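Visitor: Quick one, structure for this:
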Amino acid sequence: MRRCAAIAVLLAFAAPAAARAQGADDRSLLMPGVSYTRDVEFTPHGPVVVHVLNAPRPGGLYGLKPVLSNDLIVGRETVTSMEKRASGGATVAGVNGDLFNFRDGHPSGVLMRNGVLDSTPLAERSSTAITADGTIRVDRARYIGYWRGNGQRRALNFNQPPGTNGVSLFTRSWAPSTPPFGDTTEAILSAFPDARPNTDLTGTVAQIKTGGNTPIPPGGAVLVARGSSASKLAAEAPVGTVVTTRLTFNVDWSAVTDAIGGGPVLLRAGKPVFRANEGFTAGQLAPRQPGYSVGMTNFELALTMMRLGCVTASGLDAGGSTTMAFDGALLNRPSDGPERPVAEALLVTYYGVYVPFPGTTVLSPNGDGVGEKQTLAYKVVRQSNVSATLIAPDGSTRPVDAGDRAPGTYKFTWSGTRADGSVEAEGKWRFNVNATDTSGQSSTADRLFTLNQTLANLMLSTTSTTVRSGLRGTVTLAHPAKVVVTIQTASGIVVRRLARGVDLQPGTYSYGWNGRRDSGVRAFGGRYVFRVSATNEFGTVDLTKPFTARR
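Guide: Alright, predicted model coming up:
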(Lines give C-alpha, C1' and ligand atoms only; values in the text may rest on other atoms or scores of the structure.)
Protein backbone atom coordinates (compact mmCIF):
# COMPACT_ATOMS: atom_id res chain seq x y z
CA MET A 1 0.00 0.00 0.00
CA ARG A 2 1.53 3.29 -1.03
CA ARG A 3 2.22 5.80 1.68
CA CYS A 4 0.17 8.98 1.85
CA ALA A 5 1.50 12.47 2.25
CA ALA A 6 3.99 13.19 5.00
CA ILE A 7 1.43 15.74 6.11
CA ALA A 8 -2.12 14.43 5.93
CA VAL A 9 -4.27 17.14 4.37
CA LEU A 10 -7.99 16.55 4.57
CA LEU A 11 -11.28 18.08 3.48
CA ALA A 12 -14.31 17.23 5.58
CA PHE A 13 -17.87 18.31 4.85
CA ALA A 14 -20.61 18.87 7.39
CA ALA A 15 -24.32 18.30 6.90
CA PRO A 16 -26.32 21.38 5.85
CA ALA A 17 -26.61 23.83 8.72
CA ALA A 18 -26.65 27.55 9.34
CA ALA A 19 -23.06 28.73 8.99
CA ARG A 20 -21.47 30.36 12.00
CA ALA A 21 -20.38 33.94 11.66
CA GLN A 22 -16.67 34.62 11.88
CA GLY A 23 -15.24 35.69 15.21
CA ALA A 24 -11.86 36.50 16.65
CA ASP A 25 -12.67 34.16 19.56
CA ASP A 26 -12.11 31.28 17.12
CA ARG A 27 -8.95 31.79 15.10
CA SER A 28 -9.62 28.49 13.31
CA LEU A 29 -12.68 29.98 11.55
CA LEU A 30 -11.32 31.04 8.18
CA MET A 31 -14.63 32.30 6.84
CA PRO A 32 -18.29 31.76 7.76
CA GLY A 33 -18.87 28.04 8.14
CA VAL A 34 -15.36 26.98 7.13
CA SER A 35 -12.83 26.09 9.83
CA TYR A 36 -9.23 24.92 9.80
CA THR A 37 -7.45 22.84 12.42
CA ARG A 38 -3.95 21.49 12.71
CA ASP A 39 -3.43 18.47 14.95
CA VAL A 40 -0.47 16.25 15.79
CA GLU A 41 -1.08 12.54 16.27
CA PHE A 42 1.69 10.58 17.99
CA THR A 43 2.01 7.08 16.54
CA PRO A 44 4.49 4.21 17.09
CA HIS A 45 6.19 5.34 13.86
CA GLY A 46 6.49 8.98 14.90
CA PRO A 47 4.38 12.15 14.78
CA VAL A 48 1.79 12.75 12.08
CA VAL A 49 0.63 16.30 11.40
CA VAL A 50 -2.98 16.42 10.22
CA HIS A 51 -4.45 19.53 8.63
CA VAL A 52 -8.25 19.60 8.32
CA LEU A 53 -10.65 21.91 6.52
CA ASN A 54 -14.26 21.49 7.62
CA ALA A 55 -16.93 23.06 5.42
CA PRO A 56 -20.70 22.94 4.89
CA ARG A 57 -22.12 20.64 2.27
CA PRO A 58 -21.96 22.29 -1.17
CA GLY A 59 -25.05 24.31 -1.99
CA GLY A 60 -26.35 27.87 -1.65
CA LEU A 61 -23.43 30.15 -0.78
CA TYR A 62 -20.96 27.22 -0.76
CA GLY A 63 -19.42 25.14 -3.49
CA LEU A 64 -16.78 22.47 -4.02
CA LYS A 65 -14.98 23.18 -7.26
CA PRO A 66 -11.99 21.74 -9.09
CA VAL A 67 -9.67 24.36 -10.57
CA LEU A 68 -7.37 23.65 -13.50
CA SER A 69 -3.83 24.96 -13.42
CA ASN A 70 -3.46 27.94 -15.76
CA ASP A 71 -6.94 27.00 -17.08
CA LEU A 72 -5.15 24.49 -19.31
CA ILE A 73 -4.57 20.73 -19.19
CA VAL A 74 -0.94 21.22 -20.19
CA GLY A 75 1.20 22.94 -17.57
CA ARG A 76 1.29 23.21 -13.76
CA GLU A 77 0.59 25.88 -11.16
CA THR A 78 0.77 26.08 -7.38
CA VAL A 79 -2.40 25.78 -5.29
CA THR A 80 -1.81 29.24 -3.81
CA SER A 81 -1.56 30.73 -7.30
CA MET A 82 -4.78 29.01 -8.39
CA GLU A 83 -6.52 30.35 -5.28
CA LYS A 84 -5.37 33.88 -6.01
CA ARG A 85 -6.83 33.60 -9.51
CA ALA A 86 -10.11 32.31 -8.09
CA SER A 87 -10.34 34.79 -5.20
CA GLY A 88 -12.04 37.49 -7.28
CA GLY A 89 -15.10 35.27 -7.70
CA ALA A 90 -15.20 33.62 -4.28
CA THR A 91 -13.40 33.29 -0.98
CA VAL A 92 -11.60 29.96 -1.27
CA ALA A 93 -9.78 27.31 0.73
CA GLY A 94 -8.65 23.94 -0.52
CA VAL A 95 -6.10 21.31 -1.40
CA ASN A 96 -4.20 19.97 -4.38
CA GLY A 97 -5.95 17.67 -6.85
CA ASP A 98 -5.21 14.57 -8.91
CA LEU A 99 -1.92 12.87 -9.70
CA PHE A 100 -0.40 14.18 -12.93
CA ASN A 101 2.20 13.71 -15.62
CA PHE A 102 5.38 15.46 -14.44
CA ARG A 103 6.55 16.10 -17.99
CA ASP A 104 3.63 18.16 -19.30
CA GLY A 105 1.36 18.47 -16.26
CA HIS A 106 -1.78 16.80 -17.57
CA PRO A 107 -3.87 15.12 -14.84
CA SER A 108 -3.98 11.34 -14.77
CA GLY A 109 -7.74 11.12 -14.29
CA VAL A 110 -11.00 12.92 -14.81
CA LEU A 111 -11.58 16.64 -14.60
CA MET A 112 -15.03 18.11 -15.18
CA ARG A 113 -15.95 21.70 -14.39
CA ASN A 114 -19.52 23.01 -14.45
CA GLY A 115 -20.61 20.03 -16.53
CA VAL A 116 -17.88 20.45 -19.14
CA LEU A 117 -15.27 17.72 -19.53
CA ASP A 118 -11.58 18.64 -19.57
CA SER A 119 -9.96 15.24 -18.97
CA THR A 120 -11.28 11.66 -19.00
CA PRO A 121 -11.34 9.27 -16.02
CA LEU A 122 -8.77 6.55 -15.44
CA ALA A 123 -10.70 3.27 -15.22
CA GLU A 124 -8.20 1.67 -12.81
CA ARG A 125 -8.69 4.39 -10.17
CA SER A 126 -11.52 6.10 -8.34
CA SER A 127 -12.98 9.41 -9.44
CA THR A 128 -14.70 11.89 -7.13
CA ALA A 129 -17.89 13.46 -8.48
CA ILE A 130 -20.00 16.32 -7.08
CA THR A 131 -23.67 16.47 -8.05
CA ALA A 132 -25.82 19.55 -8.48
CA ASP A 133 -27.38 19.04 -5.02
CA GLY A 134 -23.98 18.83 -3.31
CA THR A 135 -23.76 15.05 -3.00
CA ILE A 136 -20.21 13.70 -3.17
CA ARG A 137 -19.77 10.26 -4.72
CA VAL A 138 -16.74 8.14 -5.50
CA ASP A 139 -17.02 5.91 -8.57
CA ARG A 140 -14.79 3.75 -10.72
CA ALA A 141 -15.69 5.54 -13.94
CA ARG A 142 -14.57 4.41 -17.41
CA TYR A 143 -14.57 6.57 -20.53
CA ILE A 144 -15.81 5.46 -23.96
CA GLY A 145 -15.77 7.92 -26.88
CA TYR A 146 -16.34 7.86 -30.60
CA TRP A 147 -16.37 10.14 -33.62
CA ARG A 148 -18.25 9.81 -36.89
CA GLY A 149 -17.94 11.66 -40.17
CA ASN A 150 -19.40 10.26 -43.37
CA GLY A 151 -18.38 6.72 -42.41
CA GLN A 152 -18.77 4.42 -39.42
CA ARG A 153 -18.28 5.20 -35.72
CA ARG A 154 -14.66 5.14 -34.65
CA ALA A 155 -12.95 5.20 -31.23
CA LEU A 156 -11.99 8.59 -29.90
CA ASN A 157 -9.59 9.72 -27.18
CA PHE A 158 -10.14 13.09 -25.55
CA ASN A 159 -7.62 15.78 -24.61
CA GLN A 160 -4.69 13.39 -24.54
CA PRO A 161 -2.08 12.52 -27.14
CA PRO A 162 -3.42 9.89 -29.56
CA GLY A 163 -1.76 6.50 -29.76
CA THR A 164 0.27 5.34 -32.77
CA ASN A 165 -2.91 4.67 -34.74
CA GLY A 166 -5.40 6.61 -32.67
CA VAL A 167 -7.62 9.69 -32.91
CA SER A 168 -8.02 12.35 -30.24
CA LEU A 169 -10.29 15.35 -29.89
CA PHE A 170 -8.60 18.45 -28.46
CA THR A 171 -10.58 21.39 -27.03
CA ARG A 172 -9.33 24.79 -25.89
CA SER A 173 -8.85 23.51 -22.34
CA TRP A 174 -5.96 21.35 -23.57
CA ALA A 175 -3.55 24.09 -24.65
CA PRO A 176 -3.38 26.81 -27.30
CA SER A 177 -2.27 24.20 -29.87
CA THR A 178 -2.39 20.46 -30.48
CA PRO A 179 0.64 18.30 -29.56
CA PRO A 180 3.71 18.67 -31.79
CA PHE A 181 3.47 15.34 -33.63
CA GLY A 182 4.78 15.39 -37.18
CA ASP A 183 2.86 12.34 -38.44
CA THR A 184 -0.71 13.57 -37.98
CA THR A 185 -3.69 14.54 -40.05
CA GLU A 186 -5.81 17.12 -38.28
CA ALA A 187 -9.38 18.27 -38.88
CA ILE A 188 -10.12 21.76 -37.53
CA LEU A 189 -13.69 22.21 -36.32
CA SER A 190 -14.34 25.96 -36.36
CA ALA A 191 -17.54 25.74 -34.30
CA PHE A 192 -17.87 23.15 -31.59
CA PRO A 193 -20.05 23.08 -28.43
CA ASP A 194 -18.85 22.66 -24.87
CA ALA A 195 -17.59 19.13 -24.29
CA ARG A 196 -20.47 17.83 -22.17
CA PRO A 197 -20.58 14.05 -21.63
CA ASN A 198 -23.37 11.82 -22.97
CA THR A 199 -24.40 14.41 -25.55
CA ASP A 200 -23.95 14.43 -29.31
CA LEU A 201 -21.36 17.10 -30.05
CA THR A 202 -21.26 18.23 -33.66
CA GLY A 203 -18.95 20.51 -35.59
CA THR A 204 -18.19 21.27 -39.20
CA VAL A 205 -14.72 20.64 -40.61
CA ALA A 206 -13.28 23.99 -41.65
CA GLN A 207 -9.77 22.83 -42.63
CA ILE A 208 -7.65 19.73 -42.99
CA LYS A 209 -3.91 19.95 -42.37
CA THR A 210 -0.98 17.69 -41.55
CA GLY A 211 1.60 17.93 -38.80
CA GLY A 212 1.06 19.01 -35.20
CA ASN A 213 1.06 22.32 -33.34
CA THR A 214 -2.30 23.27 -34.86
CA PRO A 215 -3.89 26.27 -33.10
CA ILE A 216 -7.18 25.27 -31.44
CA PRO A 217 -9.70 27.95 -32.45
CA PRO A 218 -11.80 29.74 -29.81
CA GLY A 219 -15.17 28.02 -29.69
CA GLY A 220 -13.76 25.19 -31.78
CA ALA A 221 -11.83 21.94 -31.53
CA VAL A 222 -9.36 19.80 -33.49
CA LEU A 223 -9.47 16.10 -34.36
CA VAL A 224 -5.95 14.66 -34.49
CA ALA A 225 -5.29 11.29 -36.15
CA ARG A 226 -2.07 9.29 -36.40
CA GLY A 227 -0.93 6.23 -38.32
CA SER A 228 -3.67 4.20 -40.01
CA SER A 229 -6.34 6.52 -38.56
CA ALA A 230 -4.90 9.53 -40.41
CA SER A 231 -6.12 8.33 -43.81
CA LYS A 232 -9.54 7.44 -42.37
CA LEU A 233 -9.94 10.94 -40.95
CA ALA A 234 -8.95 12.53 -44.25
CA ALA A 235 -11.39 10.31 -46.17
CA GLU A 236 -14.34 10.46 -43.77
CA ALA A 237 -14.08 14.10 -42.59
CA PRO A 238 -13.18 16.30 -45.56
CA VAL A 239 -13.78 20.05 -45.39
CA GLY A 240 -17.47 20.79 -44.99
CA THR A 241 -18.33 17.49 -43.29
CA VAL A 242 -20.42 17.59 -40.13
CA VAL A 243 -18.59 15.46 -37.58
CA THR A 244 -20.42 14.03 -34.57
CA THR A 245 -18.59 13.03 -31.41
CA ARG A 246 -19.86 11.54 -28.15
CA LEU A 247 -18.01 11.29 -24.84
CA THR A 248 -19.61 8.75 -22.49
CA PHE A 249 -19.02 7.09 -19.12
CA ASN A 250 -20.00 3.66 -17.84
CA VAL A 251 -21.63 5.24 -14.74
CA ASP A 252 -24.67 7.48 -14.55
CA TRP A 253 -23.23 10.95 -14.02
CA SER A 254 -26.24 12.80 -15.41
CA ALA A 255 -26.55 14.78 -12.15
CA VAL A 256 -22.81 15.42 -11.82
CA THR A 257 -21.55 18.95 -12.39
CA ASP A 258 -17.92 18.64 -11.28
CA ALA A 259 -15.45 15.79 -10.97
CA ILE A 260 -11.79 15.20 -10.21
CA GLY A 261 -9.53 12.18 -10.39
CA GLY A 262 -7.33 10.71 -7.70
CA GLY A 263 -7.93 7.63 -5.58
CA PRO A 264 -7.89 5.24 -3.94
CA VAL A 265 -11.32 5.16 -2.33
CA LEU A 266 -10.91 5.49 1.47
CA LEU A 267 -14.45 5.34 2.89
CA ARG A 268 -17.66 3.79 1.59
CA ALA A 269 -20.85 4.41 3.57
CA GLY A 270 -18.75 5.54 6.53
CA LYS A 271 -16.65 2.35 6.58
CA PRO A 272 -12.89 2.36 5.89
CA VAL A 273 -11.64 0.49 2.84
CA PHE A 274 -8.59 -1.62 3.68
CA ARG A 275 -7.64 -2.63 0.14
CA ALA A 276 -9.16 -0.67 -2.74
CA ASN A 277 -7.45 -2.73 -5.49
CA GLU A 278 -6.86 0.34 -7.59
CA GLY A 279 -4.14 0.99 -10.12
CA PHE A 280 -1.36 2.24 -7.86
CA THR A 281 2.22 1.04 -7.56
CA ALA A 282 2.68 -1.33 -4.61
CA GLY A 283 5.11 -0.46 -1.85
CA GLN A 284 5.55 2.18 0.78
CA LEU A 285 7.61 5.33 0.59
CA ALA A 286 10.01 6.32 3.34
CA PRO A 287 8.87 9.06 5.74
CA ARG A 288 9.14 12.43 3.99
CA GLN A 289 9.58 14.65 7.06
CA PRO A 290 11.04 12.56 9.88
CA GLY A 291 10.74 14.26 13.26
CA TYR A 292 7.93 16.51 12.01
CA SER A 293 5.45 14.22 10.26
CA VAL A 294 6.17 10.66 9.17
CA GLY A 295 3.02 10.23 7.11
CA MET A 296 0.41 7.49 7.15
CA THR A 297 -0.84 4.63 5.01
CA ASN A 298 -4.05 4.94 3.03
CA PHE A 299 -5.87 2.79 5.58
CA GLU A 300 -4.62 4.97 8.44
CA LEU A 301 -5.86 7.97 6.50
CA ALA A 302 -9.22 6.24 6.04
CA LEU A 303 -9.47 5.69 9.81
CA THR A 304 -8.68 9.36 10.40
CA MET A 305 -11.41 10.42 7.97
CA MET A 306 -13.86 8.09 9.72
CA ARG A 307 -12.99 9.63 13.10
CA LEU A 308 -13.75 13.04 11.59
CA GLY A 309 -17.24 11.82 10.79
CA CYS A 310 -16.83 11.48 7.03
CA VAL A 311 -19.05 9.07 5.09
CA THR A 312 -17.44 9.16 1.65
CA ALA A 313 -13.73 9.75 1.05
CA SER A 314 -11.10 9.32 -1.63
CA GLY A 315 -7.42 10.12 -1.85
CA LEU A 316 -5.76 12.79 -3.96
CA ASP A 317 -2.13 13.26 -4.99
CA ALA A 318 0.27 12.81 -2.06
CA GLY A 319 3.93 13.39 -1.18
CA GLY A 320 5.37 16.74 -2.16
CA SER A 321 2.14 17.68 -3.96
CA THR A 322 0.21 17.70 -0.67
CA THR A 323 -0.91 21.29 -0.15
CA MET A 324 -3.57 23.10 1.84
CA ALA A 325 -4.11 26.84 1.46
CA PHE A 326 -6.59 29.61 2.20
CA ASP A 327 -7.14 32.56 -0.13
CA GLY A 328 -3.66 32.18 -1.60
CA ALA A 329 -1.73 31.57 1.66
CA LEU A 330 -0.23 28.21 2.63
CA LEU A 331 -1.63 26.47 5.70
CA ASN A 332 0.54 23.34 5.72
CA ARG A 333 4.27 22.70 5.32
CA PRO A 334 4.85 20.85 2.01
CA SER A 335 7.25 17.94 2.37
CA ASP A 336 9.39 19.13 -0.57
CA GLY A 337 9.97 22.45 1.18
CA PRO A 338 8.84 24.85 -1.55
CA GLU A 339 5.26 24.50 -2.76
CA ARG A 340 5.10 22.17 -5.75
CA PRO A 341 3.25 23.27 -8.92
CA VAL A 342 0.47 20.75 -9.60
CA ALA A 343 -2.19 20.03 -12.21
CA GLU A 344 -5.32 21.00 -10.28
CA ALA A 345 -6.77 22.15 -6.99
CA LEU A 346 -10.00 21.21 -5.23
CA LEU A 347 -11.45 24.30 -3.58
CA VAL A 348 -14.22 25.08 -1.12
CA THR A 349 -15.81 28.23 -2.49
CA TYR A 350 -17.83 30.75 -0.48
CA TYR A 351 -19.83 33.48 -2.22
CA GLY A 352 -21.08 35.51 0.76
CA VAL A 353 -19.50 38.46 2.53
CA TYR A 354 -16.09 37.74 4.06
CA VAL A 355 -14.32 39.68 6.81
CA PRO A 356 -10.56 39.13 7.22
CA PHE A 357 -8.99 39.14 10.66
CA PRO A 358 -8.50 42.72 11.93
CA GLY A 359 -5.07 44.26 11.57
CA THR A 360 -4.50 43.91 15.32
CA THR A 361 -6.25 41.76 17.92
CA VAL A 362 -5.84 44.50 20.54
CA LEU A 363 -6.42 48.17 19.77
CA SER A 364 -4.56 50.34 22.30
CA PRO A 365 -4.74 54.06 21.46
CA ASN A 366 -2.59 55.24 24.39
CA GLY A 367 0.17 57.02 22.48
CA ASP A 368 2.98 54.47 22.91
CA GLY A 369 3.02 53.64 19.19
CA VAL A 370 1.75 50.07 19.57
CA GLY A 371 -1.73 49.13 18.31
CA GLU A 372 -2.77 52.73 17.79
CA LYS A 373 -4.95 52.09 14.72
CA GLN A 374 -7.27 49.25 13.77
CA THR A 375 -7.51 48.07 10.16
CA LEU A 376 -10.85 46.56 9.13
CA ALA A 377 -12.03 45.17 5.80
CA TYR A 378 -14.72 43.14 4.09
CA LYS A 379 -14.98 41.46 0.70
CA VAL A 380 -18.00 40.81 -1.52
CA VAL A 381 -17.74 38.79 -4.73
CA ARG A 382 -21.20 39.67 -6.04
CA GLN A 383 -23.02 42.99 -6.32
CA SER A 384 -24.49 43.39 -2.84
CA ASN A 385 -26.27 45.75 -0.53
CA VAL A 386 -24.00 46.04 2.49
CA SER A 387 -24.27 47.27 6.06
CA ALA A 388 -21.04 47.37 8.12
CA THR A 389 -21.02 48.40 11.78
CA LEU A 390 -18.86 48.34 14.88
CA ILE A 391 -20.62 46.96 17.95
CA ALA A 392 -19.36 48.28 21.29
CA PRO A 393 -19.03 46.27 24.52
CA ASP A 394 -22.39 47.67 25.70
CA GLY A 395 -24.12 46.68 22.45
CA SER A 396 -24.35 50.15 20.95
CA THR A 397 -23.31 50.52 17.31
CA ARG A 398 -21.04 52.75 15.25
CA PRO A 399 -21.76 52.89 11.47
CA VAL A 400 -18.79 52.09 9.23
CA ASP A 401 -20.20 51.61 5.73
CA ALA A 402 -23.54 51.08 4.00
CA GLY A 403 -25.00 50.94 0.52
CA ASP A 404 -24.87 49.09 -2.76
CA ARG A 405 -21.35 47.76 -3.38
CA ALA A 406 -19.70 46.26 -6.46
CA PRO A 407 -17.54 43.13 -6.06
CA GLY A 408 -14.29 44.00 -4.33
CA THR A 409 -12.53 44.50 -1.01
CA TYR A 410 -13.33 47.56 1.11
CA LYS A 411 -10.89 48.72 3.80
CA PHE A 412 -11.26 51.07 6.76
CA THR A 413 -9.15 52.34 9.64
CA TRP A 414 -10.43 53.17 13.11
CA SER A 415 -8.59 55.02 15.84
CA GLY A 416 -10.75 53.83 18.71
CA THR A 417 -11.67 57.39 19.64
CA ARG A 418 -14.85 59.45 19.65
CA ALA A 419 -15.44 62.64 17.73
CA ASP A 420 -14.24 64.69 20.71
CA GLY A 421 -10.95 62.76 20.81
CA SER A 422 -11.71 60.72 23.93
CA VAL A 423 -11.07 56.97 23.86
CA GLU A 424 -14.02 54.65 23.25
CA ALA A 425 -15.14 52.07 25.80
CA GLU A 426 -12.60 49.39 26.58
CA GLY A 427 -13.49 45.72 26.14
CA LYS A 428 -14.60 43.46 23.29
CA TRP A 429 -15.68 45.08 20.03
CA ARG A 430 -17.26 43.37 17.04
CA PHE A 431 -16.93 44.38 13.40
CA ASN A 432 -20.09 43.06 11.76
CA VAL A 433 -21.00 43.08 8.07
CA ASN A 434 -24.32 41.99 6.53
CA ALA A 435 -24.80 41.66 2.78
CA THR A 436 -27.61 40.71 0.41
CA ASP A 437 -26.60 40.01 -3.19
CA THR A 438 -28.68 40.62 -6.31
CA SER A 439 -29.98 37.04 -6.28
CA GLY A 440 -31.46 37.65 -2.82
CA GLN A 441 -28.98 35.51 -0.88
CA SER A 442 -28.03 37.02 2.47
CA SER A 443 -24.85 36.47 4.43
CA THR A 444 -23.16 37.82 7.51
CA ALA A 445 -19.61 37.86 8.79
CA ASP A 446 -17.82 39.43 11.71
CA ARG A 447 -14.60 39.53 13.68
CA LEU A 448 -13.91 40.35 17.30
CA PHE A 449 -11.09 42.43 18.74
CA THR A 450 -10.50 44.23 22.01
CA LEU A 451 -9.87 47.85 22.88
CA ASN A 452 -7.53 47.76 25.86
CA GLN A 453 -5.16 50.46 27.15
CA THR A 454 -3.97 48.53 30.19
CA LEU A 455 -0.31 48.25 29.10
CA ALA A 456 1.88 51.00 27.69
CA ASN A 457 5.47 52.10 27.15
CA LEU A 458 7.45 48.88 27.48
CA MET A 459 11.10 49.98 27.51
CA LEU A 460 14.33 47.96 27.79
CA SER A 461 17.55 49.21 29.32
CA THR A 462 19.38 47.85 26.26
CA THR A 463 18.61 45.88 23.10
CA SER A 464 21.99 44.16 23.06
CA THR A 465 23.62 42.72 26.16
CA THR A 466 25.73 39.86 27.47
CA VAL A 467 24.03 37.00 29.28
CA ARG A 468 26.12 37.80 32.35
CA SER A 469 25.08 41.47 32.41
CA GLY A 470 21.36 40.90 31.81
CA LEU A 471 18.93 43.77 31.30
CA ARG A 472 15.94 45.57 32.81
CA GLY A 473 12.49 46.30 31.40
CA THR A 474 9.90 48.82 32.57
CA VAL A 475 6.21 49.02 31.73
CA THR A 476 3.26 51.23 32.66
CA LEU A 477 0.00 49.70 33.90
CA ALA A 478 -3.13 51.85 33.42
CA HIS A 479 -5.68 49.52 35.07
CA PRO A 480 -5.52 46.80 37.75
CA ALA A 481 -4.51 43.52 36.13
CA LYS A 482 -2.90 40.13 36.63
CA VAL A 483 0.57 40.46 35.10
CA VAL A 484 2.92 37.85 33.67
CA VAL A 485 6.46 38.79 32.64
CA THR A 486 8.67 36.31 30.75
CA ILE A 487 11.87 36.06 28.76
CA GLN A 488 11.31 33.96 25.63
CA THR A 489 13.31 32.75 22.69
CA ALA A 490 12.49 34.20 19.29
CA SER A 491 10.37 31.07 18.64
CA GLY A 492 8.31 31.60 21.81
CA ILE A 493 9.91 29.14 24.26
CA VAL A 494 9.86 30.54 27.80
CA VAL A 495 13.30 30.50 29.43
CA ARG A 496 12.61 32.66 32.49
CA ARG A 497 9.49 33.83 34.35
CA LEU A 498 10.00 37.18 36.06
CA ALA A 499 6.38 37.59 37.23
CA ARG A 500 3.90 34.74 37.47
CA GLY A 501 0.38 36.18 37.40
CA VAL A 502 0.85 38.91 39.98
CA ASP A 503 -2.13 41.17 40.78
CA LEU A 504 -0.96 44.76 40.33
CA GLN A 505 -2.50 48.21 40.64
CA PRO A 506 -1.93 51.04 38.13
CA GLY A 507 1.63 52.31 38.08
CA THR A 508 5.07 51.84 36.51
CA TYR A 509 6.89 48.57 37.17
CA SER A 510 10.44 47.41 36.53
CA TYR A 511 11.74 43.85 36.05
CA GLY A 512 15.34 42.74 35.79
CA TRP A 513 16.77 39.63 34.11
CA ASN A 514 20.13 38.31 35.20
CA GLY A 515 20.69 36.17 32.12
CA ARG A 516 19.71 32.88 33.77
CA ARG A 517 16.99 30.37 32.98
CA ASP A 518 14.35 29.30 35.51
CA SER A 519 16.68 26.41 36.41
CA GLY A 520 19.44 28.87 37.37
CA VAL A 521 21.69 27.90 34.43
CA ARG A 522 22.95 30.75 32.28
CA ALA A 523 21.05 31.10 29.01
CA PHE A 524 22.67 30.60 25.64
CA GLY A 525 23.44 33.57 23.46
CA GLY A 526 20.91 34.46 20.80
CA ARG A 527 17.77 36.43 20.05
CA TYR A 528 15.19 36.80 22.83
CA VAL A 529 11.92 38.59 23.55
CA PHE A 530 10.93 40.45 26.73
CA ARG A 531 7.16 39.86 27.05
CA VAL A 532 4.66 41.47 29.44
CA SER A 533 1.08 40.17 29.51
CA ALA A 534 -1.79 41.73 31.48
CA THR A 535 -5.27 40.26 31.96
CA ASN A 536 -8.30 42.04 33.41
CA GLU A 537 -11.99 42.71 32.68
CA PHE A 538 -11.08 44.21 29.30
CA GLY A 539 -9.25 41.10 28.11
CA THR A 540 -5.57 40.23 27.69
CA VAL A 541 -2.98 42.52 26.19
CA ASP A 542 0.69 41.80 25.44
CA LEU A 543 3.67 44.01 24.84
CA THR A 544 6.96 42.63 23.55
CA LYS A 545 10.45 43.92 22.88
CA PRO A 546 13.15 41.89 21.11
CA PHE A 547 16.78 41.94 22.24
CA THR A 548 20.00 40.06 21.64
CA ALA A 549 22.04 38.37 24.36
CA ARG A 550 25.65 37.24 23.91
CA ARG A 551 27.15 34.42 25.96
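Visitor: going forward, measure contacts and count neighbours with C-alpha atoms only.
Guide: Noted.
Visitor: And for this structure, the residue most distant from the center?
Guide: For the chain, the largest distance from the centre (Cα atoms, centre = their mean) belongs to residue 235, which lies 49.4 Å off.
Visitor: quick check, that residue in a helix?
Guide: Yes: assessed with DSSP: H, G, I helix; E, B strand; the rest coil, residue 235 lies in a helix.
Visitor: So it versus residue 150, what's the distance?
Guide: 8 Å (Cα to Cα, to the nearest Å).
Visitor: quick one: the helices in this structure?
Guide: 79-86, 228-236, 298-307 (DSSP state H).
Visitor: tell me what the first one is packed against?
Guide: In this structure, helix 79-86 makes packing contacts with strand 91-96, strand 324-326, strand 344-350, judged by 3 or more Cα pairs under 8 Å, 6 or more residues apart in numbering; DSSP states H and E.
Visitor: Going by neighbour count, which residues of that helix are buried?
Guide: 79-86 (16 or more other Cα atoms under 10 Å).
Visitor: who are the neighbours in contact with residue 226?
Guide: 162-167, 183-185 (Cα atoms under 8 Å, 6 or more residues apart in numbering).
Visitor: what is it paired to in the beta sheet?
Guide: residue 184 (DSSP bridges).
Visitor: what separates the residue farthest from the centre of the chain from residue 453, distance-wise?
Guide: Residue 235 is 84 Å from residue 453, by Cα to Cα.
Visitor: before we move on, what about residue 98?
Guide: 51 Å.
Visitor: Looking at the two, which one has more neighbours?
Guide: Neighbours per residue (other Cα atoms under 10 Å) separate residue 98 from residue 453, with residue 98 holding more: 26 against 22.
Visitor: could you measure the closest residue to the more buried one other than its chain neighbours against residue 244, distance?
Guide: Leaving aside its chain neighbours, residue 98 sits nearest to residue 262 (4.6 Å; criterion: Cα to Cα, 6 or more residues apart in numbering). Distance, residue 262 to residue 244, by Cα to Cα: 30 Å.
Visitor: do the same with residue 427
Guide: Applying Cα to Cα to residue 427 and residue 244 gives a distance of 69 Å.
Visitor: Over to residue 356?
Guide: 50 Å.
Visitor: Now do the spatially closest residue to residue 29 that is not a sequence neighbour against residue 326, distance only.
Guide: Leaving aside its sequence neighbours, residue 29 sits nearest to residue 35 (Cα to Cα, 6+ apart; 4.3 Å). Taking Cα to Cα as the measure, residue 35 falls 10 Å from residue 326.
Visitor: same check, this time on residue 152
Guide: Distance from residue 152 to residue 326, by Cα to Cα: 50 Å.
Visitor: Settle it for me: which of those two has more neighbours?
Guide: residue 326 (23 against 9).
Visitor: Show me the shaky parts of the stretch 201-350 of the chain.
Guide: 281-288 (pLDDT under 70).
Visitor: Name the residues of stretch 338-349 that come out as buried.
Guide: 339-349.
Visitor: okay if I get these as JSON lines plus distance to residue 52?
Guide: Below are those laid out as JSON lines (distance: Cα to Cα, whole Å):
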{"residue": "339", "distance to residue 52": "18"}
{"residue": "340", "distance to residue 52": "20"}
{"residue": "341", "distance to residue 52": "21"}
{"residue": "342", "distance to residue 52": "20"}
{"residue": "343", "distance to residue 52": "21"}
{"residue": "344", "distance to residue 52": "19"}
{"residue": "345", "distance to residue 52": "16"}
{"residue": "346", "distance to residue 52": "14"}
{"residue": "347", "distance to residue 52": "13"}
{"residue": "348", "distance to residue 52": "12"}
{"residue": "349", "distance to residue 52": "16"}
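Visitor: Looking at those residues, spot the one nearest residue 117.
Guide: The shortest approach to residue 117 among the buried residues of stretch 338-349 belongs to residue 344, at 14.0 Å (Cα to Cα).
Visitor: and the closest one, bridged to which residues?
Guide: Applying DSSP bridges to residue 344 gives these bridge partners: residue 68.
Visitor: who's in contact with it?
Guide: Residues in contact with residue 344 (Cα under 8 Å, 6+ apart) are 66-69, 76-77, 79, 96-98, 107.
Visitor: quick revisit: columns distance to residue 498, pLDDT and neighbour count on top of the contacts of residue 226, output as a markdown table?
Guide: A markdown table is the format used below for the contacts of residue 226 (distance: Cα to Cα, whole Å; pLDDT from 0 to 100; neighbours: other Cα atoms under 10 Å):
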| residue | distance to residue 498 | pLDDT | neighbour count |
| --- | --- | --- | --- |
| 162 | 72 | 95 | 21 |
| 163 | 74 | 92 | 13 |
| 164 | 76 | 93 | 13 |
| 165 | 79 | 95 | 12 |
| 166 | 77 | 97 | 19 |
| 167 | 76 | 98 | 30 |
| 183 | 79 | 92 | 15 |
| 184 | 78 | 95 | 25 |
| 185 | 81 | 97 | 24 |
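Visitor: which of the residues you listed lies closest to residue 316?
Guide: Distances from residue 316 to the contacts of residue 226, taken by Cα to Cα, are shortest for residue 162, at 25.9 Å.
Visitor: just checking, that closest one touches residue 227?
Guide: No: at 9.8 Å, residue 162 does not count as touching residue 227 under the criterion of Cα atoms under 8 Å.
Visitor: what about residue 161, how many neighbours?
Guide: 19.
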